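Colleague: Sequence and predicted model, in that order:
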Amino acid sequence: MKKILITGVTGFAGFKIYHALKNSGNYEVKGTGRSSGESVDFVADLTDLESVKNMGQHFSPDVVIHLAAMAKTDICERNKDDCYAANVISTKNLVEMFPDCKFIYFSTYAVYNTKKGNCDESCKITATNHYIQTKIEAESYVNPLNDYIIFRPSVIFGYMPLKIKTKNYFMQLIEMVHDKKVMRSPADQFFNPVSIDVVAEIIGLSIEGDVSGVFNIGSNEDISKYDFNLMIMERFGFNLKYLEPAVADSFAVKRPGNGTVSSMKIQFTLSYRVPGISEMIDSLYDEIKENPDIPGV
Ligand SMILES: NC(=O)c1ccc[n+]([C@@H]2O[C@H](COP(=O)([O-])OP(=O)(O)OC[C@H]3O[C@@H](n4cnc5c(N)ncnc54)[C@H](OP(=O)(O)O)[C@@H]3O)[C@@H](O)[C@H]2O)c1
C-alpha cells in the first residue's frame with residue numbers, strides 16, 4: 001500500500017483530497033497542518049526546515065501531495081514576505097526532505113497570461129501578481145526532481161462547512177447569499193472551473209498510472225465568472241438579486257483576463273474525460289441539497 005503525505009489538510013483542497021484518498025482504502029494517508037485539527041496527523045510549519053525534517057523522521061512517504069500555500073491573491077499582495085515563505089520556502093524544504101518521492105505540486109492556471117487563453121502546458125508563463133510569482137518560483141524547485149507532477153488547476157470548487165474558515169470559490173458565493181450580500185462577479189473574465197471531486201479522481205488516477213510532468217486541470221468549457229456563478233445560483237434556486245455582473249478592471253488585484261486553459265493533456269494521458277460544468281454542479285447539488293448550511297434551496 002503506497003504511503004501518501006498531504007500538506008495543507010486544514011485547507012479546502014487538502015481536506016477534501018485527504019478524505020477522498022483515505023476513503024478509497026488504497027493508500028496509507030497522513031496529513032500535515034500548521035495547527036492540530038481534523039485530518040492533521042503532523043503539526044508542522046513547512047517554512048521551518050527543522051519542522052519538516054522532524055516530520056520526515058516519523059513518516060517515509062512514497063508520494064507527497066503539496067497543497068499547503070498562501071493561496072489568496074489579495075492576502076499575498078498585502079503580505080509578500082509571508083506569501084513567499086509559505087509558497088516558495090515550504091516547497092523548497094519539502095523537496096529537500098523528500099527528494100526521492102513522487103512529488104505532486106499544486107501550482108495554478110494563473111501562471112499563463114495570454115490574450116487568447118486556451119493555454120496548454122507549453123504556453124509561456126508570466127506573473128501578473130505576487131501570488132503567481134511565488135507559484136512559478138516554487139515550480140522551479142519541483143521540476144528538477146526525477147518523479148514529479150506539477151498540476152496547474154483552474155479554479156476548484158466544492159462544499160466545505162460554513163464554520164470552517166477557508167473559502168473556496170463556491171463557498172464564497174454561498175456565504176454571500178447566506179449573509180444576504182450581493183456578489184459582484186466579472187462578466188469579462190473567463191476560466192474553466194473544476195470540482196474538487198474531479199481533481200481528487202485525477203490525482204488518484206495519476207498515482208496509479210505513475211504519471212509525471214506538467215498538467216493543467218480544468219473543465220472543457222470556457223465560462224465567465226459571472227455566468228458560472230449564475231449557473232450555480234439557478235441550480236440551487238437562490239434569489240438572483242444577490243449576484244451582479246462587473247468588469248474585471250474594477251477589482252483591486254489584477255488577474256489574467258482570459259484565464260482559460262486546455263486540459264487535453266491530462267485527459268489523454270489518463271484516458272479520462274472531465275465532466276461538463278453543469279454535470280459537476282448537479283453532483284454538488286446532489287451532495288449537499290439537504291445541508292442546513294445552504295440557504296433557501
Ligand atoms: N482552490 C483553488 O481554486 C485553487 C486553484 C488553483 C490552485 N490552487 C492551489 O491548490 C493549493 C490548495 O489550495 P486551497 O484552496 O485548498 O487553499 P487553502 O484553503 O487556503 O488552504 C491552504 C492550506 O495551506 C496551509 N498553510 C499555509 N501556510 C502554511 C505554512 N507555512 N505551513 C503549513 N501549512 C501552511 C493552510 O494552513 P492554515 O489553515 O494553518 O492557514 C491551509 O491548510 C494551493 O497551493 C493553491 O495555490 C488552488
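Modeller: That came in fine, so what should we check first?
Colleague: When you work out contacts or count neighbours from here on, use the C-alpha atoms and nothing else.
Modeller: OK.
Colleague: which residues touch the nearest residue to Asp147 once chain neighbours are set aside?
Modeller: Of all residues not flanking Asp147 in the chain, Lys102 sits nearest, at 5.0 Å (C-alpha to C-alpha, 6 or more residues apart in numbering). Contacts for Lys102 (C-alpha atoms under 8 Å, 6 or more residues apart in numbering) come out as 62-64, 147-149.
Colleague: how much space between the single nearest residue of the stretch 51-200 of the chain relative to the ligand and Phe12?
Modeller: Proximity of the stretch 51-200 of the chain to the ligand (C-alpha to the nearest ligand atom) peaks at Ala68, 3.2 Å away. Using C-alpha to C-alpha, to the nearest Å, one gets 10 Å for the distance from Ala68 to Phe12.
Colleague: now Thr269
Modeller: Relative to Phe12, and taking C-alpha to C-alpha, Thr269 is found at 26 Å.
Colleague: Of the contacts of Lys102, which belong to helices?
Modeller: Using DSSP state H, no member of these sits in helices.
Colleague: Same list, those, but only the ones touching the ligand.
Modeller: Among the contacts of Lys102, no residue lies close to the ligand (C-alpha under 6 Å from any ligand atom).
Colleague: Just list the residues touching the residue lying farthest from the centre of the chain, thanks.
Modeller: Note on the chain: the largest C-alpha distance from the chain mean falls to Lys241, namely 28.6 Å (C-alpha atoms, centre = their mean). By C-alpha under 8 Å, 6+ apart, the residues touching Lys241 are Val182.
Colleague: Selection in PyMOL covering whichever of the contacts of Lys102 are buried, please.
Modeller: A single PyMOL command selects the buried members of those (16 or more other C-alpha atoms under 10 Å):
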select buried, resi 62+63+64+147+148+149
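Colleague: re earlier: setting the sequence-adjacent residues aside, check what's closest to the residue of the stretch 51-200 of the chain closest to the ligand.
Modeller: Distance criterion C-alpha to C-alpha, 6+ apart; nearest residue to Ala68, sequence neighbours excluded, is Gly8 at 3.9 Å.
Colleague: my guess is Tyr285 meets Phe236, correct?
Modeller: Yes - contact criterion C-alpha atoms under 8 Å: Tyr285 and Phe236 qualify, at 6.9 Å.
Colleague: Tell me how far the residue nearest to Ala68 lies from the ligand.
Modeller: 3 Å (C-alpha to the nearest ligand atom, to the nearest Å).
Colleague: contacting residues around that residue?
Modeller: By C-alpha under 8 Å, 6+ apart, the residues touching Gly8 are 14-15, 31-34, 66-69.
Colleague: Can you pick out the residue with more neighbours from Ala68 and Phe12?
Modeller: The residue with more neighbours, out of Ala68 and Phe12, is Ala68; 26 against 23, by other C-alpha atoms under 10 Å.
Colleague: Check what pLDDT the more buried one gets.
Modeller: The model reports Ala68 with a pLDDT of 98.
Colleague: To which secondary structure element is it assigned?
Modeller: Assessed by DSSP states H and E, Ala68 sits outside every helix and strand.
Colleague: I'm done for today, thanks for sticking with me.
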